[in-house]
Each structure stands twice: as C-alpha cells, then as structure tokens.
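Trainee: attaching a predicted model along with its sequence, questions to come.
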Amino acid sequence: MSLVIQKFGGTSLATHESRERVVLRIEEATKKYDQVVVVVSAMGRLGAPYATDTLLSLLETDGRHVDDREMDMLIACGEIITTVVLSNALGNKGMKAQALTGGQSGIRTSSHFLEAHVDHVDTTRIKSILAQGNIPVVAGFQGMDAQGDTTTLGRGGSDTSAALMGEALSADVIEIFTDVDGIMTADPIVCKTAKLINHISYNELFQMADGGAKVIHPRAVEVARRSGIPLMIKNTFSDAVGTTISHFNYIEKPITVNERIITSIAHRSGRIQFLVEGDIDDEIFFNDLAAQNVSIDIINIFLGRRVFTTESTNKDKTIKLIEAYDVSFSYIDNCCKITVVGEKMTGVPGVMAKIISSLSKVKVQILQTADSLSTIACLIHDKDLEMAVFALHETFGLHDTIE
Ligand code: ADP
Ligand code: ASP
Ligand code: MG
C-alpha cells in the first residue's frame, strides 16, 4: 500500500479559490497513491478570520498573563475549522473525507502548552479511517496531553504534525505544500534573485530552518531525517518541480570546483543583543535567565564581560533580571541574525573572510558572530537585512541558476 502525507499551509487554504487548488492536489494524489492523509494549517494569515494570529488577537489581557492552557485551546481552533471546511470541499468533489483534531488523530503530547513535545502517535483511528477508503483531514499544529487537554506544538508546527504522521504511518513521501516553488537560496521576500534549490540534504534544510527560514519548521525536518522518509516542498499554486530533501553525505565526497560550498542564506529578525559588564557568577546568571524562559542565541563570554542575543520579546524580563545584579549593561535592539548555510564548508578556509569582506563592502556592521560545522551566523542591524542578504547571495554565487 502506498501512502502520501500532504500538508497544506495557511496561505494555501486562505480563500475558496485556493482551497479548490488544494482539493485538486489531493485528487491528483488519490490517483497516484493508495492512501492519502491530509494535514492542514489555519486558513490565511493575520487579518483572516480564523488565522492563528487573528485568534490570538482576540484576547484582551490588560498586561495580565493569559493561561497557556487556555491560549492553546483558542489557537488550536483555527486548524480544527480548516479540517471541517476542507473535508466538506472534498465531499463536494465526491471524495470521502473525515475531519479530525490532533487529539482524535492520536497525537499524544507533553503538557508543555504552546511548545508541547510529541510523545507518540497512536495511529489506530487514522488506520481505520484509511481502511474504510476515507481521507483523514488532520488538524496540524496540535495534539492532546494525558489529561485530554489540547496542546500546540509551537508556531509553524503543522509541518511537524505532517512529519510525525509520515513517520508513524511509514509514508512513502511527505509533501509540504506552500506559497513558494520550494526551498530557495534565500527568502524570496527579502532577496528577489533567490533561486529554487531542487535537491538539498536534511541537514542543510535543518540548518536553514533553524536559522529562521520559515518555509518549514526545524522539528519537521528532524523527524523526517530520523525516519528517512523523503520530504518534498511544493507550491500549491504552480507546477514547479519543487525541492526534494534526502540524505546527502558531503563529508565522504570530495568537493569539485563546480560544487557549491554555500547553498543558502537564512535570516531571523526580532533579535536583541545585551552586553553585561561586571564581576558576577556566569553560571548563576545564565541559570537565572533560563529559569525565566529566556533562551539565549549567540553568546560570547570574556573576563568580566558577556555578550548574548535573545528574542526581542524577552527584552523587558531580561532587563529586569539584569537590574537585580550589581553590573552595568547596554543593549542593541532591532537586530537580525543572518546564517550562511553550507554542509561543504567544513574544513574549507576563507569562508568567514569572504563574509566579512562582502558585508564590509556594503557597509553592513557585524555585531556578533557564531559558527558550527555547516553554518556561519552574523548578527546585524535589522535595517541592513536586505543589503546583507543580497551581498552574501552574490558573493557565494547563489544568483546563478542551479543545474
Ligand atoms: P505556510 O503557510 O505554507 O506554512 P509559511 O509562511 O510558514 O507558509 O512559509 C512559507 C514562506 O517561507 C514563504 O512565503 C517565504 O517567504 C518564506 N521563506 C523563508 N525562507 C525561505 C526559503 N529559503 N525558501 C523558500 N521560502 C522561504
Ligand atoms: N497555524 C499555526 C501558525 O500559524 C501553525 C502552522 O501554520 O503551521 O503558527
Ligand atoms: Mg508554515
């Protein structure tokens, strides 16, 4: 029995016309595979009536903390509404479908509301729906904890739901449908010359997603990588071939001149950098930050001095925490992290030098850097984002069409 998971993102489901395209994609899949499982996001983006951000904006808090459990109950509604609307649209075209919440689909999670971890997927119900020849339409982004409470998997989490369903059902392929032709060399909104990448490794895609390329959630890539199920990113609205993701192993393969060292550039906005100076116990200080759920991104520690980056949304609580210490501090708000990704850069000298000279040529100030085996990240001012991505894109030859 061949089985495909098809996941449709918010923009693919926003209007009646776009949902007609989705129905067509599902119909095509029923002709190609024996079984089809559909995973959906909430319809549209902020402003659309049932989009996740619109639901969030319903809460009037007056600065009061909203219970995370109740927040999850609210934001999970967007996906649930989509399942019924799409199941109905499939029915209108003569396809038998059944709408399911995350919990009904067997997605069992921790009780860590807003960022729940999936413990396991109980496939009993989905398998029985498939056995009856029906198409399960699963609400992405959500699951159910041991108490029966609704949980969500973190923003962008419908991709993760699709990957988990694929793994649990041993799917032949997981198709992620979105509003771009596939994985591009940079976010096409920021870099107009971004090019489609036809093949990329799980590892490189993970690094891109982790670096902020929101085209797919990093946890979805992780799940697909561990199960080895091929992942495809496709455009709901075009017939572009899309991007196929599989295991590549560059480490064992010698690099030839024509192969790219750098494959893409990702970015993540909404960062703030703190500089804290004074004689304090770093272990206690960073544990305090962790206890406040302030997750640190780039970090450098020197004698009596530490520089770290976090999400701008953590600004107030971080300042409050630092003020409790006998230290001086400053911060730079409105920063952005750009990450240059390339599995083949391991051991290749001069990549950092190229980045520095490319950014200094266009007068982009680098505030902090970090690197791993396959990435180099630079913190810059938000205002320099487009210029920096364009410059690096050109420096590493990503403007050229990939064969
Ligand atoms: P969906 O609603 O389908 O889940 P998202 O908005 O979450 O869609 O993700 C798709 C968006 O990701 C695209 O519109 C694009 O702007 C953005 N994006 C960021 N980086 C990349 C990249 N490297 N390749 C393709 N798209 C990217
Ligand atoms: N609707 C959720 C969000 O906007 C999940 C998703 O789209 O993947 O984050
Ligand atoms: Mg998404």
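Mentor: Nice, thanks for sending it over. Ligands and ions are numbered 1, 2, ... in the order given.
Trainee: how about the helix or strand where Glu175 lies, does it reach ligand 2?
Mentor: Per DSSP states H and E: Glu175 is located in strand 173-178. No - judged by CB under 6 Å from any ligand atom, strand 173-178 stays clear of ligand 2, getting no closer than 10.0 Å. Any C-beta I mention is one placed from the backbone N, CA and C, and that applies to glycine too.
Trainee: contacts for that strand?
Mentor: 4-9, 11-12, 22, 25, 29, 159, 162-163, 165-166, 215-216, 220, 224, 229-236 (CB atoms under 8 Å, 6 or more residues apart in numbering).
Trainee: up against ligand 3, what does this protein have?
Mentor: Contact residues, the chain versus ligand 3 (CB under 5 Å from the ion): 9, 156.
Trainee: now do the helices in the chain.
Mentor: 16-32, 52-56, 68-92, 124-131, 158-168, 202-210, 218-227, 282-291, 315-323, 351-361, 385-395 (DSSP state H).
Trainee: redo these as CSV? Include mean pLDDT and mean neighbour count.
Mentor: Below are those laid out as CSV (pLDDT from 0 to 100; neighbours: other CB atoms under 10 Å):
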stretch, mean pLDDT, mean neighbour count
helix 16-32, 98, 15
helix 52-56, 96, 19
helix 68-92, 98, 19
helix 124-131, 98, 16
helix 158-168, 98, 28
helix 202-210, 96, 23
helix 218-227, 96, 21
helix 282-291, 95, 13
helix 315-323, 96, 14
helix 351-361, 96, 15
helix 385-395, 97, 20
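Trainee: neighbours of the closest residue to Ser374 other than its chain neighbours, how many?
Mentor: Counting by CB to CB, 6 or more residues apart in numbering, Ser374 lies nearest to Glu343, which is 4.7 Å off, once chain neighbours are set aside. Glu343: 21 surrounding residues under other CB atoms under 10 Å.
Trainee: tell me the contacts of the one residue in the stretch 201-350 of the chain that gets nearest to ligand 2?
Mentor: Relative to ligand 2, the nearest point of the stretch 201-350 of the chain is His217 (6.9 Å; CB to the nearest ligand atom). Neighbouring residues of His217 by CB under 8 Å, 6+ apart: 154, 156-160, 209.
Trainee: recalculate using a threshold of 10 Å.
Mentor: By CB atoms under 10 Å, 6 or more residues apart in numbering, the contact set of His217 is 141, 153-163, 176, 209-210, 223.
Trainee: tell me the bridge partners for Ile376.
Mentor: Taking DSSP bridges as the rule, Ile376 bridges to Val340, Asp371.
Trainee: what separates Ala129 from Gly103, distance-wise?
Mentor: Let me fix one detail, which is that residue 129 is Ile and not Ala. Separation of Ile129 from Gly103 (CB to CB, to the nearest Å): 15 Å.
Trainee: same list, the helices of the chain, but as JSON lines with distance to Val40 please.
Mentor: Converted to JSON lines, the helices of the chain look like this (distance: least, CB to CB, whole Å):
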{"stretch": "helix 16-32", "distance to Val40": "8"}
{"stretch": "helix 52-56", "distance to Val40": "12"}
{"stretch": "helix 68-92", "distance to Val40": "4"}
{"stretch": "helix 124-131", "distance to Val40": "14"}
{"stretch": "helix 158-168", "distance to Val40": "7"}
{"stretch": "helix 202-210", "distance to Val40": "20"}
{"stretch": "helix 218-227", "distance to Val40": "14"}
{"stretch": "helix 282-291", "distance to Val40": "35"}
{"stretch": "helix 315-323", "distance to Val40": "34"}
{"stretch": "helix 351-361", "distance to Val40": "39"}
{"stretch": "helix 385-395", "distance to Val40": "31"}
